[in-house]
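Q: one predicted model, sequence on top.
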Amino acid sequence: MLMEEPSAAAPKRTLPVVLACVATVCLLVTVVLVVMHANARSQRDQSARRIVELEKQVTESGQEEIAANEELKRNKLKEEAQKARTALVASCSDNTKMYNTMAKDAPGRDRVFKIMYDSCLSL
């Protein structure tokens, strides 16, 4: 009968061992999940910081683009003003050449002088 007693004691030890194994597995799963959660949170925070940086760069780029467009408009206005002034100078120059090439007693010389004077006066 000695043989029967160890077999009766063995089932009593099995339950705590199984529970200990299950608890260990649960603990390991919990640790793995906590590590995965911490890693995901870290990646999310890094992504959020990167998004903020990119939004800042987009804003700065937009401001630079606005400034460049304003400068371009100013330069186009200056160019148009310069073209208008160049046209006036060319008109004055042409009228002066016409006046100077006319003979002193040519008919209509006074009228050409008036045209020359008016075109050069606007400069």
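A: On my side now, so go ahead.
Q: what helix or strand does Val18 sit in?
A: Secondary structure assignment for Val18, by DSSP states H and E: helix 4-101.
Q: tell me which other helices or strands the following helix or strand past that helix touches.
A: Next in sequence after helix 4-101, counting helices and strands by DSSP H and E, comes helix 109-121. Applying 3 or more Cβ pairs under 8 Å, 6 or more residues apart in numbering; DSSP states H and E, one finds that helix 109-121 contacts helix 4-101. (C-beta placed from N, C-alpha, C; glycine too.)
Q: can you find the helix or strand of the protein with the lowest average pLDDT?
A: Sorting the helices and strands of the chain by mean pLDDT, DSSP states H and E puts helix 109-121 at the bottom, at a mean of 89.
Q: what's stretch 15-26 in contact with?
A: The list of residues contacting stretch 15-26 from outside it, by Cβ atoms under 8 Å, 6 or more residues apart in numbering, is empty.
Q: quick one on the thing from earlier: buried sites along the least confident helix or strand of the chain?
A: 112, 115-116, 119-120 (16 or more other Cβ atoms under 10 Å).
Q: from Val18, how far out is Arg85?
A: Per Cβ to Cβ, to the nearest Å, Arg85 is found 99 Å from Val18.
Q: do the same with Ser61
A: 63 Å.
Q: now swap in Cys26 and tell me
A: 13 Å.
Q: and for Thr24?
A: 11 Å.
Q: equivalent analysis for Leu28, please.
A: Computed as Cβ to Cβ, the Leu28 to Val18 distance reads 16 Å.
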